[in-house]
Every structure is written in C-alpha cells, then in structure tokens.
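K.L.:
Structure for the following, please:
(chains A and B)
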Amino acid sequence: MLDDNSRKLVLTHFWIAFATFLLALILGAWQMYIRSPLHAWISNPELYYRAVTAHGSVMGYVFPTLVAMAFGYAVSELSLKQPLIGRRWAWAGLGLVALGIVTAMLPVSLGLASVLYTFYPPLVGSPFYYLGIVLVVVGSWIWVALMSINMRRWKQQHPGEPVPLPMFATVAGAYLWGWTSVGASIEILFQILPVALGFKTTIDAGLARVFFSWTLHAIVYFWLMPAYIAFYTLVPRAIGGRLYSDVMGRISFILFLVFSMPIGIHHLFQDPQVGSGMKFMHAVFTGMVTIPTLLTVFTICASVEIAGRLHGGKGLLGWVKALPWRNPMMLAVAFSFVLLGFGGAGGIINMSYQLDFTVHNTQWITGHFHLIFGGAIVIMYFALAYDLWPHLTGRALADLRLMRIQLWLWFVGMLVLSLPWHWVGILGMPRRMAYFDYADPAIAPQAMAVTITFIGAVLLLVSGILFVLILLRGHAAGQVTLPPFRFSRPVHQPARLPLALNSFGLWLALMIGLTVVNYGFPIAQLTTLERTSVPAIPAGAPQ
Amino acid sequence: MSKERLFSFRNVWFSASVGAVVFVAIVAALIGFVWIPSTQGGRAGESLWDMICSAAGVVAPATLTPMSATPPTRPSNVIVTAQMMETTADVSIGRGATLAQQCTMCHGTRGISQANMPNLAAQDPASIYKQLRDYKSGHRQSAIMRPMAAGLSDRDMRDIAAYYASLPAAPPPEAHPEMPVLVRNGAPMRNIGACATCHGPIAKKTAAPYLRGQPADYLRDQLQRFASGERRNDLNAQMRNAARQMTPEEIDEVVRYYAQTPR
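P.N.:
Residues are numbered from 1 along each chain as shown, chains lettered A, B, ... in the order given. The predicted structure follows:
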C-alpha cells in the first residue's frame, strides 16, 4: 500500500500532468479548427505557431514526464514494498518541473518563443522558454536518480532475488530518459542558450539538429514505457489472467533500452549534413526496435488469451469472446494495440530511407506520431490512472460505463483525426501550416479530409474532458477499503535470474557504446567542420 | 550465483548480446558504407575509401569562388542578418541627425515627408541602411538618391539609419481600414507571401521596411517597379516574385491599406 505522503506525491504529479494535458488538448482542437475549411484563414499565423509550441511542449515534455514520474514513484513503493527513499527530493523534483512549466509557458503564451517544441534552430526564441525546458528535464533527472537508488537499496536487502518486473521496467525507462535527454540538453545549453542570451549571433543548425535527434526518437520510448509497464504488470491482473512470461518482459525492456537510443538520425533522412552511410546504420537499428515491440505484442496477446481461457473461452477464437470486454483495462489494451498496429506500420515506412522521401514533412508524420503517442500510449495512461486512482484516493471509481465511453471516444477520435492526416500526407499536404488555400483546385479535394480531422479533434476533446471529470468524481466518491495493490502474476515466477536480467550494467554499457558508434562520428565531424554556422533568426517576436 | 561475473566472455549473456550487437553494427556498416555506395556507381575513378568517406558525410573542401560584384548579377552587396545593425549609441543618433540635414528637403525635418517620399521616422534601421548601400553601389537606381548616398561612409549610413529609427512615427490618420486577405495571408498558390509577415503588423523580418503610414503614391510606384523588373535590389527576388503576381486592383488594395494604417 502507498503511505499518505506518497499518495499525495503521486496525485500531485498526476493532477499537474492531467491539467496541463487538458489545456494542451484544447489548443490542439483549436488548431484543427483554425486550419480547416470551416474557418477563414487565421489573421495572424503567429498565433497558430504559438499554440503549436505550447501544445507540443506540454504533450512532449511535461505531460508524459509527469505521468512517468508519478507512475514510477507508485511502482517503486508498491512493487518493492518499501517506503520511497528520497521523498523530499521527489517533491523538489516536482517543484523544479512545475517551475519549469511556468518559466517556459510564459514566454510561449506571450508569443516570444514560437519555435515549436523541437526548437528548430536557427530559430531562436526567449531564453526563458529553453531555461524552463531545462528545469523540467533537471526535475525529471531527480526522478531518474531516485528510481535507481530505490532499486539498489532493495537489491542490497534482497541479495540474489529478482527485482520485481514493474520496478525493473521502470528503472529501464528512467535510465533511458536519463541518457536520451542528454542530447537536447547539450543542444540547449551549448548551442541555443548562448545565442538566446545574446553571447553569440550564429548557430550550427545542422549539428544542433543531430543533437536533437539524439533525444527526439528515444523520447518516444520514454513516453511509451509507462504504457508498456501497464501492458505487462497491470493488464493481465486487471482482466483476470496471468502474464505469459516475466523473462520476456525483462528482455523487451532491455532491448528498448539498448536499441531506442542510437536511431534518431532517421529523423534527419532529408538533412544534408549527415552521410547516407550513417543514415543507413540508424535505419537498421530503428528496425531492431520492432523486436521488443513484437515480443511485447506476442507476450501480451498470449497473456490475454490466458485470461480468455480462464474465463471459459474455448476453441481457436472463442477466448476472444470470453474476455471481460466491460472492463476498461481490457478495452484500453485492445484499442492501444490497434492504434499501435497502424502507427507501427506507418513507422516502418518512415524509417525506410526511400519511402520517407514521399512522406517527409507532410501531414503523414503528424498522423503517425499522434497514433503512437496520442493513441497507443495516452490511452494506456488513462487506463493506468483508472487502475491506480482508488489506491491513491481511497475512494472507488464506480462508473465503468463512463470510462468505457471515454475510452471509445478517444479511440474513435484518434482514428478519425489521424487516418485522414495520413491520407492528405500522401497527397502531399505539408505539416506546420497555419492555413491552406482550399479554393485552389489542386488542394480542394483535401478540404473534406481536413474537416474530418476536426471532428476527430472534437471527439478527443470531449473524451479528455470526460477523463478529467471521471477522476474528479473519484475524489468525491464514497470511501472504500481496498485489498492491497497487486501487480500481475506471471505464469512462472522466476525464483532466480541470471545477473544480466537482474541488473543494468551490461545494457547501459551497450546503450552508451552504440550511441558512440552511431553518433560519435557525425557529432565529431560536424563539430570540427568550419563555416557551418548560420545567423540566428529571432522567432515569434512581432513588433 | 553471487560470484557470477557480468563483464566476461564466459558469461553467455555478455558474449551473446555484445556479439549480436557488434555483428548487426558491422553488417549494417558494410551495407551502408560499402555495398550500397558501390552499387550506385560513384564518380569515375573513385576508390573504395572515397566511397566510404562520402557515405560517412565527409565533405570535400569547398572551393569558394567570390560572387561577381557587378549589379546585374547580384541584387545587393548587403549581407542581411538579424544582427547586422549593432546596438545604437546616442552618439550615433547625434551624428545621424547632423548628416540627415541634407535629407530634409524630401523626407521632412523630422522624417515625415511632405512630398510623397518615404516617411523615415521610426523606420527599421536595417532597411534604411540597406537601401542607402544599394543606392551607393547602384543596385537600386535613383537619379536623386545615388549622388546623395555616394559620399556616405558605412558609418554615416548606420548613423543616419539609427537617427531616423529613433524618431517618433507619423501621427495616425483618421481611417483604420480592415486588413486585406493578401496582406494577412498572401496567396499561397500564387507564391505571394503575406505582406504583414515581413513588413508588419504581424511580424517583422530584418531589412524589410515597415510600410504602415507610407505615402500611397510611393508604395504603388515601387510595387510597379518590382513587377516590371525595373527595381531589382530585393534579395532572392522576393518582392519581384510577389509583385509580378499581383493584379493592379490588388496593388491598389494593399497600398490603400498600408497608406491609411497608422504605425
């Protein structure tokens, strides 16, 4: 059970996360409306980019980081069954994140940093925006350290015993974030901030983009971690089954740790500053990430099948019918897999050097990452919040029907939003545009698809509001006495594990080694190359 | 069990995982750096090492040939960057005020023209400086401005720009016309950017002058000169490309908006 202070800690993280999420969701829906044929061209495109910057910064940095932190603290205490070590530090970390949110969002809302959340040097905005992002990241580094410390303490007290899978996976996610956030941090501290603060007037945009790609792809796997931990450690228990394989889970998280880092240059396929050989290396390792993904799909499907058969399902597909479809967690995992399937298939196209040419910088890309993050991942954030909420508030979340409606709305909304985006992307509609001339015969046929995306955005907004309402109502419901919180039990609980599957030394060494192999040369080469800096362009500063 | 050593080739997890990762990396590198480049038929006489370097993104040292300085091939000699005008000192404004005595006949005593010439008060200093340099070098033609600019040093031009930028803008006229779509959004399919995203009021680009409150006759005249190609000191032909696409009615509409809108 969580003690009172930990409950407060976790709940505060969750509420800041969900409150900022709702605000960013409103901005997202507004953007869909503004750029659709339903609205006249926006009179000031800067407002659009301002909104995109806020939406991206919150959804990319703030919301998933806070969810991962909240979930991590809960997992640490619940799975290790020891009080959280360093609770004061945890509050301090949260304080830094909160301060960072305010510091970053003030200049954004004033229109002083409309550089989008990917920074896009040589665009340079207010230094406070970047400092705010740094504060968010530094706050999350405290969490990384605390996760590591808590696991280490447990291992000292339980020598030779396998670290519980939820904690093992959480620490994998923490280490992944610790290392992947280094790239963007270097970019901000050594390249962007000196310009934003006025010490320098030029910036090496190519090198900056390479550093950002270091963060840009693995950050997705950091977002993904809480969802995957929920797949392995919450879903089988919630639907009355068993986890098919504990060891398979550990191997998947280890593979994510090793392979999600050295692949970010596939975001730079169309950038001239990186050689085609390096791009190919990154494409290959991007392909390697399909292995832990498919391992997970297999393991979770097998676990779900176990649940279906335990519920009395028979035959080849009879178990599917026997599954507890009225359980929100069941619904969430099914939706998440469908969205992951579409998103993953699209992702394999993006990582293919030649195919990427046709979809690069089109709405296809926007559709892809909304399917993966906004779809497969966020829907599991909803599910894990529903699962944890009674243990955080001590009160029941009774209205399962409302939860199902909320999940259905999100699932359908995300498909309605992102499938037309893929379609117009193939037709060549560029992303990051504040308005389109739908009167032109060349793009008039795309107008309907863009209108449909707005309907998707409305469904998502309604779903997001419902989600927050359900959680709010949870605070007002009657108190309940709950059985102790429990994670999924595997079919075979390993009593002993090889050292490699119970520690991170080898995998961290491989992760760092692969980073050196795949990033060392481009970074060294671009750093030493002369005459590559260009004048910075102050952004988002209307007179 | 506690004696198990992780970083040892006797540990099968270590040897297998390191071996597999190194194997994948080597195979990927061989394909990416050797096989694919060699199937794409590199330059004649290119060695294997050249191909590997090229796939790694190593660039051959660029041979920079200076661009010709003759007016017809280049729109301007001025290199426009966000930092092209250093911070303005008061002494600069003072010098500029003295030098600007010779400009008062057309541009007014306080930078507000009575003669349908550009109002320079509160104008963007980079754009004043750029135009003066272009007049001096002949990139922008004017029988009046060329001799005026001929005697000015780089410092003089910066000071004049600083002085005019420091002056208060013209008093607002009566009318407040609504912003035309062309000013606000441009015409994307005709490659016309939104006027307001470079010249204000939505955003401001370096060396693009503020247009609000400028004399209508001057604005119309310049748009027509851009359209006809008579004026060609706009970098990358930005203004010529836009003006060529505009109808006379659109030119009138845009000019009316800017001339009647206060700074």
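K.L.:
From here on, just use CA atoms for contacts and neighbour counts.
P.N.:
Noted.
K.L.:
Can you tell me what sits against stretch B:30-49?
P.N.:
Identification of contacts with stretch B:30-49 by Cα atoms under 8 Å, 6 or more residues apart in numbering or on different chains yields A:276, A:277, A:278, A:280, A:281, B:51, B:52, B:55, B:56.
K.L.:
Residue B:53 is in contact with the first one, correct?
P.N.:
What that stands for is residue A:276. No: the pair residue A:276 / residue B:53 is not scored as a contact, 10.2 Å apart, by Cα atoms under 8 Å.
K.L.:
Spell out which residues of chain A are next to chain B.
P.N.:
A:41-44, A:46, A:160, A:201, A:273-278, A:280-281, A:284, A:436-437, A:440, A:499-500, A:506, A:510, A:522, A:525, A:535-538, A:540-543 (Cα under 8 Å from any Cα of the partner chain).
K.L.:
what's the burial count for the residue in the stretch 101-250 of chain B positioned nearest to chain A?
P.N.:
Residue of the stretch 101-250 of chain B nearest chain A, by Cα to the nearest Cα: residue B:203 (4.4 Å). The number of residues packed around residue B:203, counting by other Cα atoms under 10 Å in any protein chain shown, is 18.
K.L.:
now do residue B:103
P.N.:
The number of residues packed near residue B:103 is 16, by other Cα under 10 Å.
K.L.:
sorry, back to before: residue A:276 and residue B:53: which is more packed in?
P.N.:
More crowded of residue A:276 and residue B:53, by other Cα under 10 Å: residue A:276, with 23 against 17.
K.L.:
Find me whatever residue is spatially closest to the more buried one, sequence neighbours aside.
P.N.:
Using Cα to Cα, 6 or more residues apart in numbering or on different chains and skipping the chain neighbours, the partner closest in space to residue A:276 is residue B:55 (5.0 Å).
K.L.:
And the furthest pair within the contacts of stretch B:30-49?
P.N.:
A:281 and B:51 (15.6 Å; Cα to Cα).
K.L.:
Of the two, give the one with the bigger neighbour count.
P.N.:
The residue with more neighbours, out of residue A:281 and residue B:51 and counting by other Cα under 10 Å, is residue A:281; that gives 27 against 22.
K.L.:
right, and the more buried one touches residue A:518 too?
P.N.:
Yes: assessed by Cα under 8 Å, residue A:281 is found in contact with residue A:518 at 7.2 Å.
K.L.:
Give the residues shared as contacts by the two.
P.N.:
With Cα under 8 Å, 6+ apart, residue A:281 and residue A:518 have common neighbours residue A:263.
K.L.:
any idea how far the nearest residue to residue A:186 once chain neighbours are set aside is from residue B:159?
P.N.:
Leaving aside its sequence neighbours, residue A:186 sits nearest to residue A:211 (Cα to Cα, 6+ apart; 7.1 Å). Separation of residue A:211 from residue B:159 (Cα to Cα, to the nearest Å): 41 Å.
K.L.:
what does the stretch 151-263 of chain B have sitting close to chain A?
P.N.:
So the stretch 151-263 of chain B meets chain A at B:184, B:185, B:187, B:188, B:189, B:200, B:201, B:202, B:203, B:204 (Cα under 8 Å from any Cα).
K.L.:
Could you give the bridge partners of the last one?
P.N.:
Using DSSP bridges, the beta-bridge partners of residue B:204 come out as residue B:199.
K.L.:
State the pLDDT value of it.
P.N.:
If you check residue B:204, the pLDDT there is 82.
K.L.:
which ones are touching residue B:132?
P.N.:
Contact partners of residue B:132, counting by Cα under 8 Å, 6+ apart, are B:149, B:157.
K.L.:
part of a strand, is it?
P.N.:
No: assessed with DSSP: H, G, I helix; E, B strand; the rest coil, residue B:132 is helix; it does not lie in a strand.
K.L.:
Just list what the one helix or strand residue A:77 maps to packs against, helices and strands only.
P.N.:
Under the criterion DSSP states H and E, the helix or strand holding residue A:77 is helix A:63-80. Packing partners of helix A:63-80 (3 or more Cα pairs under 8 Å, 6 or more residues apart in numbering or on different chains; DSSP states H and E): helix A:4-34, helix A:127-157, helix A:165-186, helix A:205-233.
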